[in-house]
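*Asks:* After the sequence you'll find the predicted model.
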Amino acid sequence: MRANLSVLRAMLALVLALLGSLTLTAAWGAVPNQRAEPAYAEEQTMLQIEGDSRVREPGLMSSESGRVHMDRHFLGQYGESEGNVIVQRGGNTWRTLRNGPIASIAGTILIGVPLLIFLFYKAIGPAREEPQSGRKLQRFSRWDRQVHWATAISFILLAITGLIITFGKKILLPWMGHNFFSWVAWISKYVHNFIGPLFILCSILMFITFLRRNFYNRNDLEWVKQGGGLVSHKHVPAGYFNAGEKSWFWFGVTLLGLVMSITGLVLNFVNFGQTRYVLQVANYLHIIGATLYIAAAMGHIYIGTWGTPGAYEAMRHGTVDENWAKAHHSLWYEDVKAGVPGTPPGPAAGTPPGAPGVPRTPPPPRPGPAH
């Protein structure tokens, strides 16, 4: 085990050094000679006029910069709409940040996380597989599984189309060609826009469905102290959900779900008075939130499949083997066995009497002496 940990630390240090170097070198790759700002002759004129003025225009993120956009420098008359704006320096700032450091760091994270998961799998390995007892416990109801898979499928569609929208021009266009890529980008855009509201609805149902099972308790602290037994392969006592699953629920499904939902609605429905400034900030948050959400989802998928043998069966069929429940969620197993009221969900259909959670059928009374 110590040898495995040493190998893992060495590989982790190598990966972090590689990712750090990649981030530093790629973070300013938005446009050729990007550091030679401003990018347009019109902007040079604007900067010159501003420099000659005694009263400077409010700058980046200033509360006095107006509701139009980030830097408030433009050509054309601004009225009730922004249709007359010809050049918006805030737009150039957005392009520079989005295509430069934000895209580079996001891409580095999305490449680095699966690599780290693979290295962890090779160095540490999955949790040990429990022998089958042949007795099944019902872990997730049909509704639980339907809500989960509807959310998961819509999330995957949004992730794929979002990656195409963000990185397709640099990665796919060179080998697809303009004609074919234009169709791929067009389809991705509309799939992304139409699946987004469905994902929001599924996330709300997911939150309502699983909320009562995801409140932290004192048992979760011990699970965190032992790192969930991911490295030691020790089974730490846990309830229906362990601390890691609860953290995914609150940080991923809830917090990042809110970020993605709010910013997605702002970007999707642009005819409700959003200014360029609002749309640009929403886009920053959308990309950052999507990066963290996808990276966390990779860890969630690994733990729920290869990392924990038997876990996928629970969400695929709704049942788990009794030995699996006893090993990975022993506190929940004990509650089911004791028939604690409110313990979700209970024994599987067809489970014989006497199994955990199923009251034993009392034997028929023996005949006694007549009175």
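*Replies:* Nice, I can see it.

*Asks:* quick one, helices of the protein?
*Replies:* Assigned by DSSP state H, the helices in the chain fall at 2-26, 41-52, 89-97, 103-123, 142-171, 173-176, 178-210, 218-225, 243-247, 257-268, 276-304, 311-317, 322-328, 330-338.

*Asks:* angle of the last one against helix 218-225?
*Replies:* Right, the one you point to is helix 330-338. Orientation of helix 330-338 against helix 218-225 (axes from the mean of the first three to the mean of the last three Cα atoms, to 10 degrees) gives an angle of 140 degrees.

*Asks:* helices or strands next to helix 330-338 in the packing?
*Replies:* Applying 3 or more Cβ pairs under 8 Å, 6 or more residues apart in numbering; DSSP states H and E, we find helix 330-338 packed against helix 322-328. Where C-beta positions appear, they are placed from N, C-alpha and C, glycine not excepted.

*Asks:* what residue ranges in the stretch 201-350 of the chain are flagged as low confidence?
*Replies:* 341-350 (pLDDT under 70).

*Asks:* could you redo the last one with a cut-off of 90?
*Replies:* The model of the stretch 201-350 of the chain has pLDDT under 90 over residues 232-234, 269-281, 337-350.

*Asks:* Now tabulate the helices of the chain in JSON lines and tack on mean neighbour count and distance to Pro237.
*Replies:* Formatted as JSON lines, those follow (neighbours: other Cβ atoms under 10 Å; distance: least, Cβ to Cβ, whole Å):
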{"stretch": "helix 2-26", "mean neighbour count": "13", "distance to Pro237": "24"}
{"stretch": "helix 41-52", "mean neighbour count": "13", "distance to Pro237": "62"}
{"stretch": "helix 89-97", "mean neighbour count": "19", "distance to Pro237": "46"}
{"stretch": "helix 103-123", "mean neighbour count": "17", "distance to Pro237": "23"}
{"stretch": "helix 142-171", "mean neighbour count": "17", "distance to Pro237": "23"}
{"stretch": "helix 173-176", "mean neighbour count": "12", "distance to Pro237": "52"}
{"stretch": "helix 178-210", "mean neighbour count": "15", "distance to Pro237": "21"}
{"stretch": "helix 218-225", "mean neighbour count": "13", "distance to Pro237": "6"}
{"stretch": "helix 243-247", "mean neighbour count": "20", "distance to Pro237": "11"}
{"stretch": "helix 257-268", "mean neighbour count": "18", "distance to Pro237": "29"}
{"stretch": "helix 276-304", "mean neighbour count": "18", "distance to Pro237": "17"}
{"stretch": "helix 311-317", "mean neighbour count": "16", "distance to Pro237": "17"}
{"stretch": "helix 322-328", "mean neighbour count": "22", "distance to Pro237": "10"}
{"stretch": "helix 330-338", "mean neighbour count": "18", "distance to Pro237": "5"}
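
*Asks:* Tell me which of the ones you listed sits nearest to Glu130.
*Replies:* Distance to Glu130, taken as Cβ to Cβ, is lowest for helix 322-328 among the helices of the chain, at 4.5 Å.

*Asks:* Contacts for that closest one, please.
*Replies:* 127, 130-133, 135-137, 139, 235, 238, 242, 308, 310-311, 332-333, 336, 355-356 (Cβ atoms under 8 Å, 6 or more residues apart in numbering).

*Asks:* How about the contacts made by Phe215?
*Replies:* So Phe215 contacts Lys246 (Cβ under 8 Å, 6+ apart).

*Asks:* Distance check, it against Ala243.
*Replies:* 11 Å (Cβ to Cβ, to the nearest Å).

*Asks:* With Asn92 instead?
*Replies:* The value you get for Asn92 to Ala243, if Cβ to Cβ is used, is 45 Å.

*Asks:* And Thr108, by the same measure?
*Replies:* 28 Å.

*Asks:* Buried ones among the contacts of helix 322-328?
*Replies:* Neighbour counting by 16 or more other Cβ atoms under 10 Å classes 127, 130, 135-137, 139, 235, 238, 242, 308, 310-311, 332-333, 336, 355-356 among those as buried.

*Asks:* Can you tell me which of these end up in strands?
*Replies:* Counting by DSSP state E, the members of these that fall within strands are Lys136, Leu137.

*Asks:* so where's the stretch 51-200 of the chain shaky on pLDDT?
*Replies:* In the stretch 51-200 of the chain (pLDDT under 90), the answer is 51-100, 127-131, 134, 169-170.

*Asks:* try 70
*Replies:* Using pLDDT under 70, the stretch 51-200 of the chain drops low at 51-90.

*Asks:* Leu205 against Gln146, yeah?
*Replies:* No: using Cβ atoms under 8 Å, Leu205 makes no contact with Gln146, being 9.1 Å away.

*Asks:* Assess the claim that Met206 and Thr151 are in contact.
*Replies:* Yes: at 5.0 Å, Met206 and Thr151 qualify as touching, with contact defined as Cβ under 8 Å.

*Asks:* so what sits against both of the two?
*Replies:* Each of Val253 lies in contact with both Met206 and Thr151 under the rule Cβ under 8 Å, 6+ apart.

*Asks:* List phi and psi for Pro126.
*Replies:* phi -80, psi 170 (degrees, to the nearest 10).

*Asks:* Need the contact partners of stretch 200-211.
*Replies:* Contacts of stretch 200-211 (Cβ under 8 Å, 6+ apart): 143-144, 147-148, 150-151, 154, 249, 253-254, 257, 261, 264-265.
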